[in-house]
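Participant: One predicted model, sequence on top.
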Amino acid sequence: MKAMRLEATGQLFTREVKKPEAGTDELLVRVEACGVCGTDRHLFHGEFPCTTPVTLGHEFSGIIEQVGNAVSGFNVGDRVTGDPNIACGRCSHCVNGRVNLCRNLTAIGIHRDGGFADYVVIPHKQAFLLPADLDPMHGAFCEPLACCLHGIDLAGMKAGSSVVVLGGGVIGLLTVQLARLAGATTVILVTRQASRRSLAEELGATASVDPNAGDVIAQIAGEHGLIPGGVDVVLECAGVAETVVQATKLVRPGGTAVILGVMAQGEKVEIEPFDLLFREVKLVTSFLNPFTHRRAADLIASGRIEVEKLISRKVSLDEAPEVVRQPPQPGEVKVLVVPGL
Ligand code: NAP
Ligand code: ZN
């Protein structure tokens, strides 16, 4: 079969490898689609630790082709999405229910072979069923959606809440939709590219803001802004210093700012604890997808999350290394690798 292998930092090739087999508690899945994520580019550039050589790809779904002897609840032909993050279940964080903080956390597509391949083998406890009639491309969105769901859960949003989402990549555009589903009446997306601002409004944002058109704080929380005084919830989905700082200032007194974006290790931002204290701002971070993958799969299955419009292009396994080597193209939201294309 074909697989896109990261042999070492900067060395990414699609080549023929031996088709794997499911172990006793595993499933062999024929990959239908696997999303390219910013993390894949970080792994390629050596900016994020991984085990090489490895087949990349952690946003995949597909059809079960072989079921391990000790597995129940899954059958050949079932469509599944894989939660790539494998917690040990035994460490002090796991036993406290904090599986995303597992001391022994490993991930499919980072520490063991992933979904940029014709087939992937996954532990059955990482698999979640999807409907047979789902568009085969849509299952690839379960993993990013599960991460956004954790952020939404941490936001403590209520029906009628006002929300700002900073950053209009796939994470921001999924978060906009989740905020609406969670009951927010006002959802403002801030992102630089005009095509993404209009897409966000199509997907349920009530307004969008161009950070290059003027001070973002003034445009939103200023006296003559969209929501004078700030919003109940800010979800930071850009991962840059500027938006992290903005998140703390756009939130109203007593509100919550959730940081989902990943800044480079060692990078710093300036915040003012005095201001946060006297406005009792809750500043929280959201990491991965603890216990949210099932709900993400159900949301994708329900069709309540629009993902079709987030697919910018579909590429073959042969074309995939070039996509990961290059930075994202302007306007692009999600590139899917489709084996057999
Ligand atoms: P992405 O495509 O890079 O999206 C981030 C977008 O933010 C950029 O494309 C950019 O769009 C926008 N942006 C950049 N600077 C901005 C600014 N100053 N003001 C407003 N918007 C700005 O990445 P993604 O896949 O959506 O992921 C978003 C972030 O979440 C990344 O940092 C990623 O690593 C992180 N992430 C975290 C988790 C988690 O578990 N916490 C999971 C997945 C991803 P424009 O060009 O339109 O401005
Ligand atoms: Zn653990």
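Facilitator: Perfect, I can see it now. Residues are numbered from 1 along each chain as shown. Ligands and ions are numbered 1, 2, ... in the order given.
Participant: Show me where the stretch 1-150 of the chain has its strands.
Facilitator: With DSSP state E, counting those that start in this stretch, the ranges of strands along the stretch 1-150 of the chain come out as 2-8, 11-16, 26-35, 54-55, 60-67, 79-82, 85-86, 106-107, 119-123, 127-130.
Participant: State the paired neighbours of the last one in the sheet, together with their directions.
Facilitator: Okay, so that is strand 127-130. strand 79-82 (antiparallel) (DSSP bridges).
Participant: Work out the gap between the partner strand and the centre of the chain.
Facilitator: On the basis of CA atoms, centre = their mean, to the nearest Å, strand 79-82 sits 16 Å off its chain's mean C-alpha point.
Participant: Let me see the backbone angles for the closest residue in space to Pro144 that isn't next to it in sequence.
Facilitator: Residue nearest to Pro144 in three dimensions, not counting chain neighbours: Val170, with 5.6 Å by CB to CB, 6 or more residues apart in numbering. The C-beta positions use only the backbone N, C-alpha and C, and glycine is treated the same way. Main-chain dihedrals, Val170, degrees, to the nearest 10: phi -60, psi -40.
Participant: what about Val170, neighbour count?
Facilitator: Residues lying near Val170 (other CB atoms under 10 Å) number 25.
Participant: Would you mind confirming that it makes contact with Val335?
Facilitator: No. If you go by CB atoms under 8 Å, Val170 and Val335 don't touch, sitting 10.0 Å apart.
Participant: Return every residue with contacts to both of the two.
Facilitator: Common neighbours of Val170 and Val335 are listed as Gly35 (criterion: CB atoms under 8 Å, 6 or more residues apart in numbering).
Participant: rewinding a little: show the model's pLDDT score for the residue nearest to Pro144.
Facilitator: pLDDT, Val170: 98.
Participant: Kindly report the same for Gln265.
Facilitator: At Gln265, the predicted lDDT confidence score is 91.
Participant: Against ligand 1, how distant is it?
Facilitator: 12 Å (CB to the nearest ligand atom, to the nearest Å).
Participant: try Val80
Facilitator: Separation of Val80 from ligand 1 (CB to the nearest ligand atom): 21 Å.
Participant: For burial, what's the neighbour tally of that residue?
Facilitator: Number of residues near Val80 (other CB under 10 Å) recorded here: 22.
Participant: what sits against it?
Facilitator: If you count contacts by CB under 8 Å, 6+ apart, Val80 has them with Leu27, Val29, Ser61, Gly62, Ile63, Ile64, Phe74, Ala127, Phe128, Leu129, Leu130, Gly139.
Participant: just how off-centre is stretch 195-214 within its chain?
Facilitator: The chain centroid and the centroid of stretch 195-214 are separated by 20 Å under CA atoms, centre = their mean.
Participant: dump the residue contacts of the closest residue to ligand 2 within the stretch 151-300 of the chain.
Facilitator: Among the residues of the stretch 151-300 of the chain, Pro290 lies closest to ligand 2, at 11.3 Å counting by CB to the ion. Pro290 sits next to Gly97, Arg98, Val99, Asn100, His150 when contact means CB under 8 Å, 6+ apart.
Participant: Take the residues you listed and lay them out in TSV including pLDDT and neighbour count.
Facilitator: Output for those, formatted as TSV (pLDDT from 0 to 100; neighbours: other CB atoms under 10 Å):
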residue	pLDDT	neighbour count
Gly97	97	10
Arg98	98	14
Val99	98	20
Asn100	98	19
His150	98	22
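Participant: Spell out which residues of the stretch 51-200 of the chain are next to ligand 1.
Facilitator: Those residues of the stretch 51-200 of the chain that sit near ligand 1, judged by CB under 6 Å from any ligand atom, are 144, 147, 166-172, 190-193, 196.
Participant: give me the number of residues near the closest residue to Thr39 other than its chain neighbours?
Facilitator: Distances taken as CB to CB, 6+ apart put Phe48 closest to Thr39, at 6.3 Å, once the chain neighbours are dropped. The local packing of Phe48 (other CB under 10 Å) involves 15 other residues.
Participant: Do I have it right that Phe48 meets His42?
Facilitator: Yes. Contact criterion CB under 8 Å: Phe48 and His42 qualify, at 4.1 Å.
Participant: what does the stretch 201-341 of the chain have sitting close to ligand 1?
Facilitator: Residues of the stretch 201-341 of the chain lying near ligand 1 (CB under 6 Å from any ligand atom): 211, 237-240, 242-243, 260-262, 286-288.
Participant: Out of the residues you listed, list just those in helices.
Facilitator: Using DSSP state H, the members of these that fall in helices are Glu242, Thr243.
Participant: isn't Ile86 right next to Ile110, touching?
Facilitator: No. Taking CB under 8 Å as the definition, Ile86 is not a contact partner of Ile110, at 10.0 Å.
Participant: ok, Gly35 touching Thr81?
Facilitator: No. Between Gly35 and Thr81 there is no contact under CB under 8 Å: 11.1 Å.
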